[in-house]
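# Return a 3D structure for these sequence lines:
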Amino acid sequence: RVPNNSSGSHHTELKSSSDHNDMITDRQKIKETDEYKRAMEEEWASRQQQLLRQAEEARRLRDKKRAESMRIMDNERRQRLRLEEIRETRRKDEEKLNLKEKLRAEIRDELHRLETMCSDMASLLRALGIHVGGGRHPSSNEVQAAYKRACLRFHPDRLSTTDLRQQVEAEEKFKLISNMKDRFSLVR
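Alright, predicted model coming up:
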């Protein structure tokens with residue numbers, strides 16, 4: 001007769017199932033120990049710390065990117081403003097230059113008419129508002145002294161006015177008396 005293996009097999013299954021239950025029970029017992037609980041708490045705390053560090057690092061990176069972005073935007077804004085200032089300054093300079101040239105043409109016409117009416121340096125200086133001593137026929141020294149006063153009065157570097165017309169007028173009068181010095185002899 002062949003022995004029935006089904007009961008042996010059943011016995012093996014029961015033993016195996018019993019071993020499995022014992023393992024689960026042993027695991028539960030281990031999980032209930034203070035040491036295991038402490039290890040789990042430490043692991044949980046460690047994970048929480050790591051998550052906090054990662055969150056802090058992510059926040060720092062976001063802040064750094066935001067700050068860099070703000071810095072770039074601020075630089076671009078300042079560059080736009082500076083460019084606008086440069087354009088505005090250039091526009092004003094061009095307007096000033098155009099006005100100066102218009103005034104220069106008007107003043108040259110006025111001075112040319114004045115020049116044609118003057119027969120000598122003394123009469124030219126008087127017409128420009130410079131006092132020339134010696135009456136109608138001043139000496140060359142008096143004309144020379146009046147010429148020096150006129151140069152000082154009309155020299156563009158010595159003029160302290162912001163009035164554009166006065167500046168251009170002084171420049172043109174200075175040019176006129178400088179050019180006329182050679183044309184009119186300062187000697188009577």
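# What's the local residue count around A150?
A150: 24 surrounding residues under other C-beta atoms under 10 Å. Just so you know, the C-beta spots here come from the backbone N, C-alpha and C atoms, and that holds for glycine as well.
# With adjacent residues omitted, what lies nearest to it?
Sequence neighbours aside, I130 is the residue nearest to A150 in space, at 4.5 Å (criterion: C-beta to C-beta, 6 or more residues apart in numbering).
# After the lengthiest helix in the chain, which helix or strand is next?
Counting residues, the longest helix found in the chain (DSSP state H) is helix 34-117. Following helix 34-117 in sequence order, the next helix or strand is helix 121-127 (DSSP states H and E).
# Okay, buried residues for that next one please.
M121, A122, L124, L125 (16 or more other C-beta atoms under 10 Å).
# Same check on stretch 164-171?
Neighbour counts using 16+ other C-beta under 10 Å place V168, E169, A170, E171 of stretch 164-171 among the buried residues.
# these two touch, right, the last one and R158?
Read it as E171. No. At 11.5 Å, E171 does not count as touching R158 under the criterion of C-beta atoms under 8 Å.
# re the thing from before, tell me which two of the buried residues of helix 121-127 sit farthest apart.
Largest separation among the buried residues of helix 121-127 by C-beta to C-beta: A122 and L124, giving 7.3 Å.
# sorry, back to before: which neighbouring elements make contact with the longest helix of the chain?
Packing contacts for helix 34-117, counted by 3 or more C-beta pairs under 8 Å, 6 or more residues apart in numbering; DSSP states H and E, involve helix 121-127, helix 164-183.
# what would the ones you listed look like in a markdown table with distance to L81 and mean pLDDT?
Output for the helices and strands packed on helix 34-117, formatted as a markdown table (distance: least, C-beta to C-beta, whole Å; pLDDT from 0 to 100):
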| stretch | distance to L81 | mean pLDDT |
| --- | --- | --- |
| helix 121-127 | 50 | 91 |
| helix 164-183 | 28 | 88 |
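# which residues are contacting stretch 166-174?
The contact list for stretch 166-174 (C-beta atoms under 8 Å, 6 or more residues apart in numbering) reads 100, 103-104, 107-108, 111, 128, 150-151, 153-156, 159, 161.
# And K175, how far from D109?
According to C-beta to C-beta, to the nearest Å, K175 and D109 sit 14 Å apart.
# who's more crowded, the two?
K175 (14 against 10).
# residues contacting the closest residue to L114 other than its chain neighbours?
Take L114 and drop its neighbours on the chain: the residue closest to it by C-beta to C-beta, 6+ apart is A127, 5.2 Å away. Going by C-beta under 8 Å, 6+ apart, A127 touches L114, M117, C118.
# Spit out the contact partners of the closest residue in space to the last one that isn't next to it in sequence.
This points to C118. If the residues on either side of it in the chain are set aside, C118 comes closest to L124, at 4.1 Å by C-beta to C-beta, 6+ apart. Going by C-beta under 8 Å, 6+ apart, L124 touches L114, E115, C118, L176, I177, M180, F184.
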